[in-house]
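Participant: pasting the structure only:
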Ligand SMILES: Cc1cc2nc3c(=O)[nH]c(=O)nc-3n(C[C@H](O)[C@H](O)[C@H](O)COP(=O)(O)O)c2cc1C
Ligand SMILES: Cc1cc2nc3c(=O)[nH]c(=O)nc-3n(C[C@H](O)[C@H](O)[C@H](O)COP(=O)(O)O)c2cc1C
């Protein structure tokens, strides 16, 4: 068995992301980066040149005038990834699409088209949409509650995967000599009738080079973890500390095993922010400077997001933290409960909560190239992660990682030296799912299909 | 006023389209062209090199094992166009998206993303889906009836356009000196509550270089023409004869005028198939050979499509044409009624209907380069069309049009010599729709906005 190696993802952002506030002021970042396809293509090509396994595009479908900068105006993930696909050749392309406000037939088709266009490099980050206000953009009075959100998500992924199996390998002989274009025996309708969706199929796209796009999943609640254990192949998560990350990965692997899955088919890739300088001290100063740009007012406003954009500015900052968990029931419930528990456990006021959250925005991956490489290697060897999803902002900062940290990790054998495959699945070391009808055919007539 | 010039569209097909049956056997066409992004990119670049205004991608979301070759496996239009966008720089990119099975928020976002990615070259072909079976892929028991299909379509387009106005020009100063990223006064929620959709907005994308993607519309019924006259800027249609095309264009212009629109803002572009050879005789022989490849059995099966894939093989071929119009009510009703009327008026048997339809698949645009150029010019001067949408199959056939017909039309001043704009709207000579809030602002404070 080949040695397990660290997987590398690059979360491509336009003008910043969660916890980053004045990124757009950086001289290297164009103010309109979030709508500039050439900016994204250049970042993806830099990640590919450094041998990254994948680029990752986050998403949301709800804004107000109070939304953070990076939400206000940005390209739709799949449209963007399709453009990146034809200017890259090896790197994986992972797009976020919500199961709450997309039809499975459309999702299956768009991702499978990307998979064909990219030669087998597509991935789907399955989310359920946390912003309750999203419902108002899709003719619904309110967002789905948690059981419905995740019930739909599970069934949605199952339908999409079913549609991806519409054609077996070999369904299109396209033999100009014999005039045979198509073998109808290898086309299959799904005829799914479930609790949330009824989808007949078949999908109008043949099998792709990697069989099926890779399923990524991001969601922290009990329901979210269950979904990840059921269908996720890569889990996108946060990593506040080694212990927490290790516990999370262990739990997810156990849950997957309990569902009869091989835990090796489930990779955990936390999103991390690296802050690198020549020395540890300089790196810490750099992080201080970055955190210092965030105003208390902005932090107070953004605290509202997990609570369904609850308005915290109307409370006394020095009174005990208010209990507004009810507002989070159709929003980011898990995050809202964690914040409320933090306040209760410590007897924090509203002001203290905001200050504590600002302070805990510190990354565990700050230091000299040696320090950062060492921390990543340590977390990897300890079983806290299978890879990292690095947030990409200013090109020169990303270059510090690719040019100074990666060589150390490669030297130590933690990161592979070259792409090992042309598909995302191949580079991540994930198996190609056999088409269900091919499997059934093989079971029925083993001799006919033996090599 | 500049002279009116003929607009040029290229309908990019993979392995053929309606009425083309063995296209995939052509030695120049790869059997898997319909899933090969590089095939499409090369065809789009050839059209761009010839100065075409746009490429056009058709669509469907329903197949069975009996579907014609070109439906069975093909790329989703917007995913494909986004890839083409970043390998072209002037040509318009028109994608078909159905209003029946897509959410307006998602359509607005995807098309506007394409518009940003392409620098203002996106167009939307608004369709309502003719195949009744499509419903089964979207958790619906049956397809919408005509009034609902077109009622939804009209409201859908209005919502999408409303969302495209979410940001006025200047909403994003992104001034690194002053630190002003965003001007909240220029962001607007739509708060649409209609018969079919409730969409709050705003859309999370700023105004694009051409303001709004161009609206194309295809649909022949009374309801379809009404939609085209209401919101269409370009009408995609068929052109069986000069008289019919002229009557259609005249009617659409009158309908648009009756709705208070300037008819110059409504272009008619029929899809045409050109068959070109050195002499008229050779061209006719070429068309005969092409038509001869279509088998009677296949034609009989495909006759079922407008009637909701009704199975005509079960009838006596020499008995009078059966009346199965009822099956077409939620499908291609207009086409089904026209075929039934043809049979009744002529007392045709089923066999005669199939034979007649095969024979009438002849194109009016067959002949030497001079003949084809002359026919197009004649139709254009007669007011039967504003441009043509040429079906692109084998590259060498398309080259006969670009290299031998176009120079004649350019020589005569019918076709412009060079791109006149970087946007689709600019090249088609269509006005940039003013943002509704900017217009209101201008009306309220005329002095402040005067140039
Ligand atoms: C690391 C991480 C990344 C996420 N990224 C997205 C995203 O890009 N878009 C989105 O709509 N939701 C995203 N989500 C939200 C989840 O899909 C989910 O709706 C949300 O986390 C609330 O559910 P939970 O309580 O299960 O976490 C993300 C969640 C996590 C934990
Ligand atoms: C020239 C033309 C091209 C069309 N192209 C498409 C297409 O690509 N995809 C689609 O779903 N429907 C297409 N349609 C179908 C229409 O949207 C409509 O559903 C169908 O024509 C039946 O409606 P009608 O009776 O109004 O014509 C097209 C129609 C016409 C006339």
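Facilitator: Yep, it's here. Values in this document were obtained by computation on a predicted structure and should not be read as measured data. Ligands and ions are numbered 1, 2, ... in the order given.
Participant: who's in contact with residue A:26?
Facilitator: A:393-394 (Cβ atoms under 8 Å, 6 or more residues apart in numbering or on different chains). Every C-beta, even on glycine, is put in place using the N, C-alpha and C of the backbone.
Participant: how about the residues of the stretch 201-350 of chain A near ligand 1?
Facilitator: Contacts of the stretch 201-350 of chain A with ligand 1, taken as Cβ under 6 Å from any ligand atom, map to A:218-221, A:223-224, A:236-238, A:271, A:332-334.
Participant: quick one: which of those is nearest residue A:401?
Facilitator: Of all those, residue A:401 sits closest to residue A:271, with 13.8 Å by Cβ to Cβ.
Participant: Among the residues of the stretch 201-350 of chain A next to ligand 1, name the buried ones.
Facilitator: Those of those that meet the buried threshold are A:218-221, A:223-224, A:236-237, A:271, A:332-334, by 16 or more other Cβ atoms under 10 Å in any protein chain shown.
Participant: ok, of the residues you listed, which one's closest to ligand 2?
Facilitator: Among those, residue A:218 lies closest to ligand 2 (Cβ to the nearest ligand atom), at 33.9 Å.
Participant: surely that closest one meets residue A:125?
Facilitator: Yes: between residue A:218 and residue A:125 there is a contact under Cβ atoms under 8 Å: 5.9 Å.
Participant: and which of the buried ones among the residues of the stretch 201-350 of chain A next to ligand 1 is nearest chain B?
Facilitator: Of all these, chain B sits closest to residue A:332, with 18.1 Å by Cβ to the nearest Cβ.
Participant: Run through the residues that contact that closest one.
Facilitator: A:130, A:305-307.
Participant: What of residue A:195?
Facilitator: Per Cβ under 8 Å, 6+ apart, neighbours of residue A:195: A:151, A:155.
Participant: and it, that's in a helix?
Facilitator: No: read with DSSP: H, G, I helix; E, B strand; the rest coil, residue A:195 is coil and lies in no helix.
Participant: for it, phi and psi?
Facilitator: Reported as degrees, to the nearest 10, the phi and psi values for residue A:195 are phi -70, psi -40.
Participant: residues making contact with stretch A:374-389?
Facilitator: So stretch A:374-389 is contacted by A:4, A:6-11, A:53, A:56, A:236, A:239, A:242, A:245-246, A:249-250, A:267-272, A:364-365, A:367, A:405, A:409, A:412, A:414 (Cβ under 8 Å, 6+ apart).
Participant: Look at the closest residue to residue A:36 other than its chain neighbours and report its pLDDT.
Facilitator: Excluding its sequence neighbours, the residue lying closest to residue A:36 (Cβ to Cβ, 6 or more residues apart in numbering or on different chains) is residue A:30, at 6.0 Å. You'll see residue A:30 listed with a pLDDT of 94.
Participant: what does residue A:3 give?
Facilitator: At residue A:3, pLDDT is 78.
Participant: which residue does the stretch 251-400 of chain A bring closest to ligand 2?
Facilitator: For the stretch 251-400 of chain A, Cβ to the nearest ligand atom, closest residue to ligand 2: residue A:330, 34.8 Å.
Participant: How about that residue: what's its closest non-neighbour residue?
Facilitator: Nearest non-adjacent residue to residue A:330 (Cβ to Cβ, 6+ apart): residue A:143, at 4.1 Å.
Participant: and if you look at residue A:387?
Facilitator: Residue A:387 sits nearest to residue A:7 (Cβ to Cβ, 6+ apart), 2.8 Å away.
Participant: Next up, the contacts around that neighbour.
Facilitator: Taking Cβ under 8 Å, 6+ apart, one finds A:53-54, A:234, A:267, A:269, A:386-388, A:427-428 in contact with residue A:7.
Participant: same thing but 10 Å
Facilitator: Residue A:7 makes contacts with A:52-54, A:92, A:234, A:267-269, A:380, A:385-389, A:415-416, A:427-429, as judged by Cβ atoms under 10 Å, 6 or more residues apart in numbering or on different chains.
Participant: before we move on, what about residue A:56?
Facilitator: Contacts of residue A:56 by Cβ under 10 Å, 6+ apart are A:9-13, A:47, A:77, A:81, A:92-96, A:123, A:125, A:216, A:218, A:234, A:236, A:269, A:271, A:389-392.
Participant: which ones among the residues you listed are found in helices?
Facilitator: A:47, A:77, A:81 (DSSP state H).
Participant: Tell me, how many residues neighbour the first one?
Facilitator: Read it as residue A:47. Residues contacting residue A:47 under the criterion other Cβ atoms under 10 Å in any protein chain shown number 26.
Participant: burial measure for the closest residue in space to it that isn't next to it in sequence, as a count.
Facilitator: In space, and not counting its chain neighbours, residue A:47 is closest to residue A:10: 4.1 Å by Cβ to Cβ, 6+ apart. Neighbour count for residue A:10, taken as other Cβ under 10 Å: 27.
Participant: Confirm for me that residue A:10 is in contact with residue A:88.
Facilitator: No: counting by Cβ atoms under 10 Å, residue A:10 stays clear of residue A:88, with 11.6 Å between them.
Participant: re earlier: export the contacts of residue A:332 to a markdown table and tack on secondary structure, distance to residue B:374 and pLDDT?
Facilitator: A markdown table is the format used below for the contacts of residue A:332 (DSSP: H, G, I helix; E, B strand; the rest coil; distance: Cβ to Cβ, whole Å; pLDDT from 0 to 100):
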| residue | secondary structure | distance to residue B:374 | pLDDT |
| --- | --- | --- | --- |
| A:130 | coil | 62 | 90 |
| A:305 | helix | 65 | 88 |
| A:306 | helix | 69 | 90 |
| A:307 | helix | 70 | 91 |
